[in-house]
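Chemist: give me a 3D structure for the following:
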Amino acid sequence: MDYEALLKVLWSSRPKFASGGEVDGTKFPMPTSLRVEGAGDLALPLSSDGFLKLKAVSQQAPYGKGDQTLFDTTIRRAWQVEASKVSCPQMPDFFSAVVLNLAVPAMEELGIDAAALGLDVRLYKLLLYERGGHFKFHKDTEKEDGMFGTMILQLPTQSGHEGGALEIRHGKKGVAFDFSGAASRTGYFQTVFFSDCDHRLAEVTSGTRLCLVFSLVRSNAKFLDVDAGKVPHYLSTVRSVQSQLKEWARRTPSLMLAIPLGHKYSNNSFSFAGLRGHDRVVAALVLSCTSFLDVHLCTIVKQKTRNEVFDSFKTNYSVKNWTAIDGRKLEHFRDCCLDLDTEVVRCQDSDKDPFGGSPDAKEYEPYNGNAGGDKNSFYHTAALLVWPKEHIVDVLCNRQPVRCVVTLLEEQHEREPGRTSGDLERYISALESRGPSEYKKSFETLLEFCVRHDFRDAAFLVMKNWGIKLMETSQAMVAAVHKYGWDECYSRVIEGLLEEKNKWPEVLRFAEHLRQSGLQDAAVIFAQKLLADDQVCKDHAFLTCLLGFFVECGRDDETWKIVVKKWGESSFSRIEEFWEKKLEIYEASWEKRAEELDYGYGYYSLKKSDREKEKKEKLAKLQQKGRREFLGEVADFAVKLESEGCHDAAMAFARKSFIKDISLEEIFGCVDMKISSEEAFVLLLAQDEKFHEAVKKSDNLEETVVSMKKAAGLFGLKEDEKVTQLFLELLSCAFEKCGCESKELLEAAIWLGDEKMVKSLVKLIRRGSLALMDDPPARLRRTIWIDSSLIERAKEWDDVSRDALREVIHARISYLSGDEEVISSDEEHKNTNKRQKPNPRLERVEYEQMLETSPAKIESLRKLLNELV
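Modeler: Numbers count the residues shown, from 1 in each chain. Reported below is the predicted structural model:
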């Protein structure tokens, strides 16, 4: 495509960027006076006396630099009066109707339909210049939403002025308006220009200059189409543009094209509706092609980087600030790269660079290590970005991340639900051909979208293409299984994924999430299929993860299949090998982190010996903390094995010393602080009484007690008198801390069968302060109770434990039978605040209501007693 030919057509009738001249006073009469607060009514032309009065109530005019407001007479020398202090009683409609009517013909010269735009002309300031007054080149600040230009009315003064020409530039073009000399004593002059124009006021060499400055503001927030009758050759131009862009869309090897515009825009004015001058004509011409093109407004950023050490240059181009025709900011579209040579419509002549000669912003990156500092210059230009509608999927696939496209598809689905399915499937196919360059989370977002809107075929296509990755994050895959059922998901996708060779242990997260979401049968089937894979069974890490999963699920058959059948007689050595390798990895990571010292101020002033000492100290701290955590993981694994009946393997594993030549005393040091429950297990497995005091400092006594009960055989609990006494002390401390609110603690107390503790529980039950194996009253002070599933577990207990359970059940039956009086809450809560005491009358009422329903509950408890044989 001939880009220069397209440019020539688009910019064939470029209108002005500024307009000015003497006002026809017969059409737009000038007021004979102005009223200024503090100065009174000032006749026009302004007299010398009037000038002095006006100056007396004026302030020095500042200028803006970034977000600063500064005063510097070398930059700007002028006096100003706020708009709120200026009025025109002699001509009341001057600041409303007259100035608006005056602006309309000037707008036409700039290619703007004032009526369609909803033009408003708002007084900004009154400015006063005397000899030496000036203002260097600058751009006007867009003072409010919708402002697109400035209008200046120069009013006459009796002295007139010399100098003071107004020079206006836009790009490389410029124009000057000089309303000085004799005409400035009686004449009435107007100048209008766009906000992105650079302009300056040359020095006033003599006399005085008086001006009213107005902001030109649009109220219509919609894009205005072009009146073909007011643009020369517009209809033929439309046909030419459509023809050229159709040819480009049909033959282009590049799927995107940027058409630079002529004006600069602030963030507030950056929209199709805010386009100025001929930019609006260019936009209308391109928008005439929306039957076959998607069109957006954007900013092209040119970043020029210079390395000052090597004196080298690098230039990058990118697209940002995506904006739709209706003014919406497409926040989900990310910045993307652009090829200047093939994707930007421009003249090859470097003098016609769309970015201009001076950068809009600069930043400096200081020297860093061996690399020299970089100086970055940024240039910005507004542009229309187009691509063929039929290639939208390819454009998005190549230029935007998945999460952004999903957001776009969400919006499209709201507007055009019938179009989404086809675009979605084409997009997935394009992603597949692009290769695996996206993160797993991106594909999860895509699958979530498919499942949420029930795009069934697309969902299965996503799972088929990226299922192994999705299994690692797994939540979306689990949602798909819930939506479409395990059988269909397995037959259409999962069965095929299990045959792939590139599986890794992380796919087990899928099974774990299936189990956690209530699909344990599906989770076990998935894990069993993995276990049947010979390649998986050769991977020790994979097999160990599977072992952990089956232990968690309570699947003894699969657990022993791994430990005995898969690993055979060498199973324990395989487990050892896995944990030894894990420790090696940890040790290497600690050494690496110890090398990563703080190279801040003062480091290089240290002696070499001091640096080595610092490294050793850091390594020692990392090793101590890391070894404690590692041994905690080992202990946790041993406890899981024991709790699932793998006693011999658990005992052998617990006795293994993975950390050689270092005692537990060295690893744990002087244990004066809280330790984790995992660290408590490590010390318990040592089976040394000297660690018992340290175990009592566990930061989670409840977890420690419950885990000790699950793995009683490992610790010698109920066999070793000292360990049993320790367990009793831990249990008592846990009750003191948590109260009788824990189901697991209550079960542990009954299981232990300690006579004194069981009597305490029985006493509470007879009072009605604990409810066992049935629903508690509505206002029970302690609301945790033991459910009937305890009976099944108790069948595996010893006689002492079962007898204790019988006692507490009998106590509950007695309470429900009304054989015991409810003890006053005053005795139980004698140390509580009076406001916190339960109402004894209310307790009695609840108790009597409970007795009415107790026969059925008593019968249920008696049946449970009969089952406890």
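Chemist: please count neighbours and contacts with C-alpha atoms only from this point.
Modeler: Noted.
Chemist: for residue 192, phi and psi?
Modeler: Phi and psi for residue 192, reported as degrees, to the nearest 10, are phi -130, psi 140.
Chemist: okay, it: pLDDT?
Modeler: The per-residue pLDDT reported for residue 192 equals 96.
Chemist: what residues does it make contact with?
Modeler: Contacts of residue 192 were listed using CA atoms under 8 Å, 6 or more residues apart in numbering, and they are 18-20, 106, 149-152.
Chemist: hmm, which two among those residues are most spread apart?
Modeler: Pairwise distances across the contacts of residue 192 (CA to CA) peak at 13.3 Å, for the pair 20 and 149.
Chemist: so which of the contacts of residue 192 are in strands?
Modeler: 18-20, 149-152 (DSSP state E).
Chemist: quick check: bridge partners of residue 22?
Modeler: Beta-bridge partners for residue 22, by DSSP bridges, are residue 189.
Chemist: please disregard the earlier target; I meant residue 323.
Modeler: In beta-bridge terms (that is, DSSP bridges), residue 323 pairs with residue 297, residue 329.
Chemist: what does residue 152 give?
Modeler: Residue 152 has these beta-bridge partners by DSSP bridges: residue 191, residue 213.
Chemist: can you list the weak-confidence ranges in the stretch 151-300 of the chain?
Modeler: By pLDDT under 70, the low-scoring segments of the stretch 151-300 of the chain are 221, 224-225, 227-233.
Chemist: try 80
Modeler: Within the stretch 151-300 of the chain, the segments meeting pLDDT under 80 span 220-236, 251-254.
Chemist: would you state the strands of it in chain order?
Modeler: Taking DSSP state E, counting those that start in this stretch, the strands of the stretch 151-300 of the chain run over residues 161-163, 166-170, 173-177, 189-194, 198-201, 204-207, 209-218, 257-260, 293-307.
Chemist: rewinding a little: of the contacts of residue 192, closest to residue 509?
Modeler: Looking across the contacts of residue 192 and measuring by CA to CA, the closest to residue 509 is residue 149, at 60.5 Å.
Chemist: who are the contact partners of that closest one?
Modeler: Per CA under 8 Å, 6+ apart, neighbours of residue 149: 192-196, 215-217.
Chemist: against residue 118, how distant is it?
Modeler: Remark: distance between residue 149 and residue 118 (CA to CA, to the nearest Å) = 14 Å.
Chemist: same thing with residue 331?
Modeler: From residue 331 to residue 118 the distance is 28 Å (CA to CA).
Chemist: cool, residue 703 as well?
Modeler: When residue 703 is compared with residue 118 (using CA to CA), they lie 72 Å apart.
Chemist: again with residue 448
Modeler: Taking CA to CA, one finds residue 448 at 45 Å from residue 118.
Chemist: thinking again about what came up before, ok, residue 703 and residue 118, which is more surrounded?
Modeler: Shown here are residue 703 and residue 118; by other CA atoms under 10 Å, residue 703 has more neighbours (17 against 12).
Chemist: show me the contacts for the more buried one.
Modeler: With CA under 8 Å, 6+ apart, residue 703 has these contacts: residue 677.
Chemist: what's the answer for residue 155, then?
Modeler: 44-45, 184, 187-189, 209-212.
Chemist: who wins for most neighbours among these?
Modeler: Neighbour max across those (other CA under 10 Å) = residue 209, 30 neighbours.
Chemist: neighbours of the nearest residue to it once chain neighbours are set aside, how many?
Modeler: Nearest in space to residue 209, with sequence neighbours left out and distances taken as CA to CA, 6 or more residues apart in numbering, is residue 129 at 4.9 Å. Close neighbours of residue 129, defined as other CA under 10 Å, add up to 23.
Chemist: gap between residue 129 and residue 749?
Modeler: 95 Å.
Chemist: buried ones in stretch 580-589, by neighbour count?
Modeler: Buried residues in stretch 580-589, defined by neighbour count with 16 or more other CA atoms under 10 Å: 583, 586-587.
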